[in-house]
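J.: below are the sequence and a predicted model; questions follow.
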Amino acid sequence: MSSTSQKISYMSSPRYTEVLVRNIENLGGAKYMFLTHKDDVADHDKWSKHFGCDRILHSGDVEESTVDIEMKLCGDGPWSIGAEFELIHTPGHTEGSVCLYYKPQKVLFTGDHFAKSGDSKFTIFAHYNKDSVEMQLDSVRKLMDLDLKWILPGHGRSIQFRDNQEKNSALEDFLARN
Ligand SMILES: [Zn+2]
């Protein structure tokens with residue numbers, strides 16, 4: 001996930017390890033560290049210190065351990081980072097859940113807004129929700145407006161669509177079932 005002008009790492013803050021550090025360095029480092037939401041972000045501080053990257057998290061998900069984060073998103077967005085990245089507020093799993101849309105490749109990184117499990121195209125982990133399922137379904141509806149070829153959930157495999165129409169029918173099916 002990099003281009004010449006923008007370097008962004010998409011992480012739910014993985015564990016800080018030298019191997020991963022070296023791999024990211026070989027890709028040119030990281031200018032931003034985008035956190036989709038507040039879960040599993042334990043090592044965000046180490047990553048940020050090492051790369052000198054600005055961390056991004058929605059203010060609705062800021063807690064004591066993330067109070068020093070450089071960029072706190074407020075309101076409903078969307079927010080742009082350069083011309084290639086857009087951040088979409090998708091509350092439900094948590095109040096401050098945000099998806100990252102990488103426009104050139106029509107990819108959406110969803111964190112825990114979506115999951116892929118079993119044979120279903122995708123699902124949500126409603127029993128882990130910290131906000132309302134109703135709200136999360138509204139957030140799913142928002143994704144109708146995005147031209148997507150890939151959805152990369154925080155859990156489970158990536159989901160590929162032939163085109164945007166196939167993505168929208170999958171979303172409609174999902175909404176009809178929920
Ligand atoms: Zn989560």
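T.: Good, I have the coordinates.

J.: show residues contacting the longest strand along the chain.
T.: Longest among the strand segments of the chain by residue count, using DSSP state E, is strand 107-115. With contacts defined as CB atoms under 8 Å, 6 or more residues apart in numbering, strand 107-115 is touched by 10, 12, 36-37, 39, 88, 90, 92-94, 97-102, 122-125, 128, 136, 139-140, 143, 146, 148-156. (Each C-beta comes from the backbone N, C-alpha and C, glycine too.)

J.: can you check stretch 63-78 too?
T.: With CB under 8 Å, 6+ apart, stretch 63-78 has contacts from 32, 35, 38, 41, 44-45, 48, 54-59, 62, 79, 86-89, 96, 98.

J.: who are the packing partners of the helix ranked longest in the chain?
T.: For the chain, the longest helix by residue count, based on DSSP state H, is helix 164-177. Secondary-structure packing of helix 164-177 (3 or more CB pairs under 8 Å, 6 or more residues apart in numbering; DSSP states H and E): helix 133-142.

J.: show me how far the following helix or strand past the helix it packs on is from its chain's centre.
T.: Elements were assigned by DSSP states H and E; along the chain past helix 133-142, the next helix or strand is strand 150-155. Taking the mean of its C-alpha atoms, strand 150-155 sits 8 Å from the chain's own mean (CA atoms, centre = their mean, to the nearest Å).

J.: what comes up buried for stretch 34-42?
T.: Neighbour-count burial for stretch 34-42, counted by 16 or more other CB atoms under 10 Å, picks out 34-41.

J.: that stretch close to the ion?
T.: Yes - judged by CB under 5 Å from the ion, stretch 34-42 comes into contact with the ion through D39.

J.: quote the end-to-end distance of that stretch.
T.: Stretch 34-42 has an end-to-end distance of 14 Å (CA to CA, to the nearest Å).

J.: give me the secondary structure label for G29.
T.: At G29 the chain is in coil, as set by DSSP: H, G, I helix; E, B strand; the rest coil.

J.: quick one: it and N23, what's the gap?
T.: From G29 over to N23 the distance is 11 Å, taken as CB to CB, to the nearest Å.

J.: and K167, how far from F161?
T.: Counting by CB to CB, the gap from K167 to F161 is 4 Å.

J.: next one: E172
T.: Taking CB to CB, one finds E172 at 13 Å from F161.

J.: so which of the contacts of stretch 63-78 are in strands?
T.: Using DSSP E, those in strands are 32, 54-58, 79, 86-89, 98.

J.: which residues touch N178?
T.: 124, 133, 137.

J.: who has more neighbours out of G29 and N23?
T.: A count of neighbours by other CB atoms under 10 Å puts G29 above the other of G29 and N23, at 15 against 10.

J.: the more buried one is in contact with F51, isn't it?
T.: Yes - assessed by CB atoms under 8 Å, G29 is found in contact with F51 at 5.5 Å.

J.: lovely, talk soon.
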